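# Sequence below, structure please.
(2 chains)
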There are 2 protein chains.
Amino acid sequence: MRAVIPFKKSNAKSRLGTLLYEKEREDFAMAMLADVAGMLVDSDCFDVIDILSTSPIYLENTNIVLTEMGLNEALNEYLGKMSSHNLNEPVLIIMADIPLVSKKNIKDIVSSQADIVIAPGRMGGTNAVFIRNPLSFHVDYYGASFLKHLEIAKGLCIEVFDSFNLSTDIDEVSDLAEVLIHGKGHSKSYLEKIGISILANGGRVGVKRF
Amino acid sequence: MRAVIPFKKSNAKSRLGTLLYEKEREDFAMAMLADVAGMLVDSDCFDVIDILSTSPIYLENTNIVLTEMGLNEALNEYLGKMSSHNLNEPVLIIMADIPLVSKKNIKDIVSSQADIVIAPGRMGGTNAVFIRNPLSFHVDYYGASFLKHLEIAKGLCIEVFDSFNLSTDIDEVSDLAEVLIHGKGHSKSYLEKIGISILANGGRVGVKRF
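Okay, here's the model as predicted:
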């Protein structure tokens, strides 16, 4: 079984730019990637963990596959190559910016009996998709990709994977509160190291920087 | 086993006021309550389903308990009364604005072996809490209530319930997209009836009104 994580380091997470410098955003993106990849490694479910990266990086126990393509093109080429090499083994596509994911989440998603397992992100996104047969599916991210992926998988047995951890992709400054509240890994440590903490004054929770 | 839902109808969901009229917000709040209570009823897990309401309402298969108190005061009085009447049975406190909750979610949360099961909401909230012994716990909502509830339950066996459905409380206009994308019940039907639909133009998903 394979796992693949698409990843972009250069100018990563631009919407965090109001709170984090560019170098910090890149380091934080690497910390989130390390959290996600770490859970894949710890789960012991995968023979191969590939990272489709737009720039050279190093992360232990993973293969870095350099690509200049966009998200959809890179992943669909990956699925196509698996098919053309007769690698009809299951593959988990998982986003690099969901640092709350747990080992149990990974084990649960890949032990589903469905043909396609989709873990929704907030606002119509798709944060992980488990594909039993890479010949049978292609991805279409951006917009309401959750609905597009349901449509692409029509006719197959589909499971929607209900997880707060997997649904929590970190894009905006307010999302950092989720990492500080629920995180346990590198991403949380990194935010604490650079002085980001929770701001809770009665009503809504936010984040602040010292 | 008991379930209790705190509910406020009058001027409900004020942050939806930029898209929905006051009467619509109240009707939508009732639709969400019907979705949540309906799943409690369908789960067949509860002898009693109480709704702590600030105004007279009717909802089949539930008891309406009128209260003028705030959220924390009303729920803590409720837990206190259970204790003083020696009703040391388990109780599930669940919010009225999480219409994605499923029957399976309810069955799973109450079949936990933990003393306290907490289902986090986004941004540090608590959307459901299952309390094995009402003597052992009190609630403290608002702000980072998830962290406060972990602290209150210190020393007890705590489970954090990982669910996108339960984490998705509907407060702001953008949250309506979650109901339209993932909902199956009264809340989704109501939004469609009043002309609210998903707006997906490549990037992020939103909602619009015809």
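# Surely A:Glu192 is in a helix?
Yes - counting by DSSP: H, G, I helix; E, B strand; the rest coil, A:Glu192 is found in a helix.
# in the longest helix seen in chain A, what counts as buried?
For chain A, the helix that runs over the most residues, judged by DSSP state H, is helix A:22-43. Under the neighbour-count criterion of 16 or more other Cβ atoms under 10 Å in any protein chain shown, helix A:22-43 has A:24-41, A:43 buried. Glycine gets a C-beta too; all of them are placed from N, C-alpha and C.
# Against which helices or strands is the helix or strand just after that helix packed?
Following helix A:22-43 in sequence order, the next helix or strand is strand A:48-53 (DSSP states H and E). Packing contacts for strand A:48-53, counted by 3 or more Cβ pairs under 8 Å, 6 or more residues apart in numbering or on different chains; DSSP states H and E, involve strand A:2-7, helix A:22-43, strand A:63-66, helix A:71-84.
# Poorly predicted segments of chain A, please.
Where chain A drops to pLDDT under 70, the residues are A:202-203.
# Next to chain B, which bits of it? Give me the list.
A:102, A:105, A:119-120, A:122-124, A:142-144, A:146-147, A:160, A:162-168, A:174, A:177-178, A:181-182, A:198, A:200-205 (Cβ under 8 Å from any Cβ of the partner chain).
# could you redo the last one with a cut-off of 7 Å?
A:120, A:123-124, A:142-144, A:146-147, A:162-165, A:167, A:174, A:177, A:181-182, A:198, A:200, A:202-205 (Cβ under 7 Å from any Cβ of the partner chain).
# Among the residues you listed, name the ones in strands.
A:120, A:198, A:200, A:205 (DSSP state E).
# By neighbours, which of those residues wins?
Neighbour counts for those, by other Cβ atoms under 10 Å in any protein chain shown, peak at A:Pro120, which reaches 27 neighbours.
# okay, now the closest residue in space to that one that isn't next to it in sequence: neighbour count?
In this structure, A:Pro120 finds its nearest non-sequential neighbour in A:Phe146, 4.8 Å apart by Cβ to Cβ, 6 or more residues apart in numbering or on different chains. Counted with other Cβ under 10 Å, residues neighbouring A:Phe146 total 23.
# Let me see the contact set for A:Phe146.
Applying Cβ atoms under 7 Å, 6 or more residues apart in numbering or on different chains to A:Phe146 gives the contacts A:118, A:120, A:124-126, B:181.
# Next: A:Arg2.
A:46-48, A:50, A:89, A:91 are the contacts of A:Arg2 under Cβ under 7 Å, 6+ apart.
# Please repeat the previous calculation with a cut-off of 8 Å.
A:46-50, A:82, A:87, A:89-92 (Cβ atoms under 8 Å, 6 or more residues apart in numbering or on different chains).
# pretty sure A:Leu92 is in a strand, no?
Yes - the assignment for A:Leu92 by three-state DSSP puts it in a strand.
# how close does it get to A:Asn127?
11 Å (Cβ to Cβ, to the nearest Å).
# next one: A:Tyr78
Counting by Cβ to Cβ, the gap from A:Tyr78 to A:Asn127 is 17 Å.
# Kindly report the same for A:Glu192.
24 Å.
# Please say which of these two ends up with more neighbours.
Set A:Glu192 next to A:Asn127 and count neighbours by other Cβ under 10 Å: A:Asn127 wins out with 25 against 13.
# so what's the nearest residue to A:Phe161 once chain neighbours are set aside up against?
With sequence-adjacent residues excluded and distances taken as Cβ to Cβ, 6+ apart, A:Phe161 is closest to A:Ala119, at 4.1 Å. Contact analysis of A:Ala119 by Cβ under 8 Å, 6+ apart lists A:109, A:126-129, A:160-161, A:163, A:166-167, B:164.
# Repeat that for A:Glu77.
By Cβ under 8 Å, 6+ apart, the neighbours of A:Glu77 are A:67, A:69.
# Would you check how far apart it and chain B are?
Distance, A:Glu77 to chain B, using Cβ to the nearest Cβ, to the nearest Å: 21 Å.
# And for A:Thr67?
Taking Cβ to the nearest Cβ, one finds A:Thr67 at 22 Å from chain B.
# Look up which residues are beta-bridged to the residue nearest to A:Phe161.
A:Ala128 (DSSP bridges).
# neighbours of A:Ser83, just the number please.
14.
# For the nearest residue to it once chain neighbours are set aside, what are phi and psi?
Using Cβ to Cβ, 6+ apart and skipping the chain neighbours, the partner closest in space to A:Ser83 is A:Leu135 (4.7 Å). With angles defined as degrees, to the nearest 10, A:Leu135 sits at phi -70, psi -20.
# A:Leu135 against A:Asn88, yeah?
Yes - under the criterion of Cβ atoms under 8 Å, A:Leu135 makes contact with A:Asn88 at 6.2 Å.
# which residues touch A:Lys9?
With Cβ under 8 Å, 6+ apart, A:Lys9 has these contacts: A:26, A:29-30, A:53-55, A:57.
# That one - that's part of a helix, no?
No - secondary structure of A:Lys9 (three-state DSSP): coil, not part of a helix.
# Distance check, the closest residue to A:Met82 other than its chain neighbours against A:Leu75.
In space, and not counting its chain neighbours, A:Met82 is closest to A:Pro134: 4.4 Å by Cβ to Cβ, 6+ apart. Using Cβ to Cβ, one gets 10 Å for the distance from A:Pro134 to A:Leu75.
# cool, A:Pro56 as well?
20 Å.
# of the two, who's got more company?
A:Leu75 (22 against 8).
# list the contacts for the closest residue to the more buried one other than its chain neighbours?
Spatially, and ignoring its direct neighbours in sequence, A:Leu75 is nearest to A:Val139 (4.8 Å; Cβ to Cβ, 6+ apart). Contact partners of A:Val139, counting by Cβ under 8 Å, 6+ apart, are A:71-72, A:75-76, A:79, A:93, A:126, A:129, A:145, A:149, A:152.
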